[in-house]
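> What follows is a protein structure lacking sequence information:
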C-alpha cells in the first residue's frame, strides 16, 4: 500500500502515514475517525499514522508543556486514542482529571525523565486542587514511568493538587521511576491490588501512597507529609524501601475498613527514619487492627530503624502495635537517642504493644532506647524475645521502672525471654532487664546481664529487699559458675515456684521458692540450694 509523509502541525516533525482501511484496533476506518492525528482521509483514501511501539505523543493532540497552557484536553485525547502515550520534556498543566479507561489496560504513559532536579524531566502539574490521573473501573496492567507528578506549579504556589493518582479502580498498576510530590491528600490512592512500584520517590504528600493487597514495592523512598506510606490490606511485599520524616508516622499497616483483611505481609531491608511529630508523641511504624479485622502475620526483617534527629523536639517511639497478632521483628538494627537525649527529645520505646498476641522480637541490636525498650501492655500474651542485644537502653531519661528494658504489664502474659544480652556501659544504676507483673508467667533462660543494678528482673509483688527480685543470668567458664557483677546473684531458669525441682538440675539453676519468698539457686558441686548470701536453704 502507498505511504505519504506529512509535517505535524504541533511538533514540526515529519511523519509517515500508511494507506489502509483498518484502524490499529482492527475496525474499519470511517470518516468520523479521521482526526488528522492518527487517521486521515486524503483524495477519498484512508491513511493511518505509522506509530513506533504503538505510542502517540501528547503534543500531536495539541499539548504544549510550556508551564502556562492547560493541557488537560489534549492529554485526555491522547489517552482516549487507546495507544501508549509519550510525553516530551516540559511542564504540562492538568487542571481537569485525566480519565484512564478500562480499554487503556496493558498500555503505558511514558515521560522523558523523572530526575528529581527536573533536568529534562516530564513534569505533570496543576494550578487547581483536583486529581491528575483517575483510573476507571476495570482498568488493569497500565504502566506509568519516567514522570514527575507535582501538586504545585511552583514551590510557592498557594494551591496544590489533591491526588496525583486516584486508582480506586485500577489493579496491577505498574509505576517505575515516578516522582510524586506536594499533593494535599494522596500521592497515590489505591483500593485495588497487585500494584508494582519500583524505583519511585514520594515526597511531601499528606499520605504518600495508600497500597491495597498483594502489591510489591522495591527500591523506592517515601518521605515527609503526615504518613509517607500506608498499607491497608495484606499480602504485600516490600524490599529495599525507605520511609522517613512523617509528621504522624512513617509507615502504617491498618485495614482499610472493617471488611478488609490484613494478613501475610513481608518487609525486608526497610529503613525507618525520623518522625517529625513536634510536641506530640509519634510512632515510626503503626500496626493497628480493628475490632473485626486484626492485622496478622507481618514480618519485618534485616532492617534499620533510627531516631537520632536531635534538632527535632519530640518524644518518639519506633513501633506501635494494637489489635495485631503474629508480628515478627527479626534482624533489626535500632538506634535511639541514647545519651544524646534531652528531657523533651528522647526515644520512648522500640516496641509498644497492647491487645496484641504472639509478637516475636528476635536477633535485633537495640541501642539507646531511653525508657522501656519493649513494652508488653494490656491484653497482650505470648510474646517471644529471643537472641537480642539491648545496649544502653532504659538510660539517660528513665527513672525507676521506666528503666526496665522489657516491661510486661499483663498478668500471666506468658512471656519468653531467652538468649538475650542486656548491657550498660554508661555506669547508670537505673536500667535493669525486665519488669513482670506476675513472674510465674515469665520464661527466662540463658540471658547475659552486665548491669550495675542489683535488680535484674523485678516482680513488684515482692519489694521488701533486693533478694525479692530476680537477680540476673549467668554464663559458664568451663564447668564453673561466674557472677556478672558483685551485687547480683546470677541465675538462669524460672521453675514453677511451688515445688523445688529434684531432677535434671544444673549448676546455678534458678528457682523462686514461694514458701520462703526469695530466689534460690542450685549449687551442683555440693548438691545444695542456697540463697543470694550463699546460705543453705
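That came through fine. No experiment lies behind these values; they were computed from the predicted model shown.
> switch to C-alpha atoms for all contacts and neighbour counts from now on
OK.
> which regions of the stretch 201-350 of the chain lie under the pLDDT threshold?
Within the stretch 201-350 of the chain, the stretches falling below the threshold (pLDDT under 70) are 279, 308-313.
> could you pull out the helices for the chain?
Remark: helices assigned in the chain by DSSP state H are 72-80.
> Residue nearest the middle of it, spatially speaking?
residue 251 (3.8 Å; CA atoms, centre = their mean).
> need the contact list for it.
227-231, 243, 284-286 (CA atoms under 8 Å, 6 or more residues apart in numbering).
> ok, residue 435 touching residue 403?
No: Residue 435 lies out of contact with residue 403 (CA atoms under 8 Å); the separation is 9.1 Å.
> Verify the contact between residue 176 and residue 146 for me.
Yes: between residue 176 and residue 146 there is a contact at 6.8 Å, judged by CA under 8 Å.
> Residue ranges in this structure under the pLDDT threshold?
Across the chain, the ranges flagged by pLDDT under 70 are 1, 279, 308-313, 439-440, 454, 460-514, 517.
> Residue 453: neighbouring residues, count only.
For residue 453, the count of nearby residues is 20 (other CA atoms under 10 Å).
> How about it, nearest residue that isn't a chain neighbour?
In this structure, residue 453 finds its nearest non-sequential neighbour in residue 429, 4.7 Å apart by CA to CA, 6 or more residues apart in numbering.
> Distance of the one you found relative to residue 372?
15 Å (CA to CA, to the nearest Å).
> Of those two, give the one with the bigger neighbour count.
Taking neighbours as other CA under 10 Å, residue 429 and residue 372 compare with residue 372 leading, 30 against 16.
> Contacts only, for that one.
348-350, 393-394, 402-407 are the contacts of residue 372 under CA under 8 Å, 6+ apart.
> how close does it get to residue 209?
Distance from residue 372 to residue 209, by CA to CA: 32 Å.
> And for residue 237?
From residue 237 to residue 209 the distance is 15 Å (CA to CA).
> again, but for residue 531
Counting by CA to CA - residue 531 and residue 209 are separated by 59 Å.
> Would you state the strands of the stretch 151-300 of the chain in chain order?
163-167, 174-181, 186-190, 196-198, 201-203, 207-211, 216-223, 227-231, 237-244, 251-253, 262-272, 282-288, 295-306 (DSSP state E, counting those that start in this stretch).
> Would you confirm that residue 205 contacts residue 182?
Yes: between residue 205 and residue 182 there is a contact at 5.0 Å, judged by CA under 8 Å.
> With neighbour numbers in mind, choose between those two.
Legend: neighbour count by other CA under 10 Å for residue 205 and residue 182, higher for residue 205 (31 against 27).
> ok, that one to residue 245 distance?
Residue 205 is 11 Å from residue 245, by CA to CA.
> can you list residues touching both of these two?
With CA under 8 Å, 6+ apart as the test, residue 205 and residue 245 both reach 224-225, 228.
> Of these, which is the nearest to residue 18?
Set against residue 18, the nearest of those by CA to CA is residue 228 (48.6 Å).
> Setting the sequence-adjacent residues aside, check what's closest to the closest one.
Here the residue nearest residue 228, using CA to CA, 6+ apart, is residue 208, at 4.3 Å.
> Please verify my assumption that the one you found contacts residue 190.
No: with contact defined as CA under 8 Å, residue 208 and residue 190 do not form a contacting pair (11.3 Å).
> Looking at the two, which one has more neighbours?
The neighbour comparison of residue 208 against residue 190 (other CA under 10 Å) goes to residue 208, with 36 against 23.
> Next, count neighbours for residue 421.
Using other CA under 10 Å as the criterion, the residues surrounding residue 421 number 19.
> That one and residue 276, how far apart?
Residue 421 is 31 Å from residue 276, by CA to CA.
> in the sheet, who's paired with residue 366?
In this entry, residue 366 is beta-bridged to residue 334, residue 390, by DSSP bridges.
> Tell me who's in contact with it.
Per CA under 8 Å, 6+ apart, neighbours of residue 366: 332-335, 350, 373, 388-391, 393.
> Most neighbours of all those residues, which one?
Neighbour max across the contacts of residue 366 (other CA under 10 Å) = residue 393, 36 neighbours.
> Looks like that residue contacts residue 374 (just checking).
No: look at residue 393 against residue 374 with CA under 8 Å: they stay out of range, at 10.0 Å.
> okay, and the common contacts of these two?
residue 405.
> if we can go back for a sec, mind checking which of residue 237 and residue 209 has more residues around it?
Neighbour totals were compared for residue 237 and residue 209, and residue 209 leads with 24 against 18 (other CA under 10 Å).
> Skipping adjacent residues, who's closest to that one in space?
Closest to residue 209 by CA to CA, 6+ apart is residue 188, at 4.5 Å.
> how far away is residue 518 from residue 532?
Distance of residue 518 to residue 532, computed by CA to CA: 9 Å.
> let me redo that: residue 132
Distance, residue 132 to residue 532, by CA to CA: 71 Å.
> if you count what's nearby, which of the two comes out ahead?
residue 132 (27 against 17).
> close enough to count as contact, the more buried one and residue 165?
Yes: counting by CA under 8 Å, residue 132 does reach residue 165; the two are 6.1 Å apart.
> How many neighbouring residues does residue 357 have?
Other residues close to residue 357 by other CA under 10 Å number 23.
> OK, contacts around it?
324-326, 380-383.
> can you do 10 Å?
Counting by CA atoms under 10 Å, 6 or more residues apart in numbering, residue 357 makes contact with 296, 321-327, 376, 379-384, 413.
> again, but for residue 223
Counting by CA under 10 Å, 6+ apart, residue 223 has contacts 181, 201-205, 207-208, 229, 242-247, 250-251, 272-274.
> switch the cut-off to 7 Å
By CA atoms under 7 Å, 6 or more residues apart in numbering, the contact set of residue 223 is 202-204, 243-246.
> now stretch 436-453: how far from the chain's centre is it?
Put simply, stretch 436-453 sits 31 Å off its chain's centre (CA atoms, centre = their mean, to the nearest Å).
> gap between residue 530 and residue 516?
Going from residue 530 to residue 516 by CA to CA gives 12 Å.
> So between these two, which is more surrounded?
residue 530 (17 against 9).
> Would you quantify the distance from the residue of the chain positioned farthest from its centre to residue 19?
In the chain, counting by CA atoms, centre = their mean, residue 43 sits farthest out from the average C-alpha position, at 61.7 Å. Distance of residue 43 to residue 19, given as CA to CA: 11 Å.
> about what we covered before: nearest to residue 86, of the contacts of residue 357?
residue 296 (41.8 Å).
> wait, what's in contact with the closest one?
Per CA under 7 Å, 6+ apart, neighbours of residue 296: 262-264, 324-327.
> Ok, residue 407 next?
372, 374-376, 434-436.
> which parts of stretch 137-157 are buried?
By neighbour count on 16 or more other CA atoms under 10 Å, the buried set for stretch 137-157 is 139-153.
> Now do that stretch: distance from first to last residue.
Separation of the first and last residues of stretch 137-157 by CA to CA is 33 Å.
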